[in-house]
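only geometry, no sequence info:
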């Protein structure tokens, strides 16, 4: 019979494998696809924040959406570069972190080593 610690490690290993598979699928399916919908428009606004990364830019940027999205992507672009693949990588990182946080929340809520299968 398995101890609780062995069960925990087994569940964590399975979760890590599922997470790596999820991240790999996201990378393969979405990272290098052509521009979609309003990505051209978003890239132009991100470029605006990238070139003028100040709080005064909030007052003058030509959007009705909140500026946090553009600030986050502009900061990401300053660190990792402005290529579309680099910008899309932030979305994948956020999706992956959300996936992990949801798992942790469910695991904590159930107070058990929750596994999805």
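Received it, and whenever you're ready, just let me know what you need. Keep in mind it's a predicted model, so treat the numbers as computed, not measured.

would you check how far apart residue 53 and residue 71 are?
Computed with Cβ to Cβ, to the nearest Å, the distance linking residue 53 and residue 71 is 8 Å. Yep, even glycine has a C-beta here, placed from its N, CA and C like the rest.

of those two, which one has the most company?
Applying other Cβ atoms under 10 Å to residue 53 and residue 71 shows that residue 71 carries more neighbours, namely 18 against 13.

per-residue confidence for the more buried one?
Residue 71 carries a pLDDT value of 88.

out of everything not next to it in sequence, what's closest to it?
Spatial nearest neighbour of residue 71, chain neighbours left out: residue 49 (6.0 Å); criterion: Cβ to Cβ, 6 or more residues apart in numbering.

that neighbour contacts residue 69, correct?
No - because the distance of 9.5 Å does not satisfy Cβ atoms under 8 Å, residue 49 is recorded as not touching residue 69.

neighbour count winner among the two?
Under the criterion of other Cβ under 10 Å, the comparison of residue 49 against residue 69 puts residue 49 first, with 22 against 14.

any idea how far that one is from residue 104?
Spatial separation of residue 49 from residue 104 under the definition Cβ to Cβ is 32 Å.
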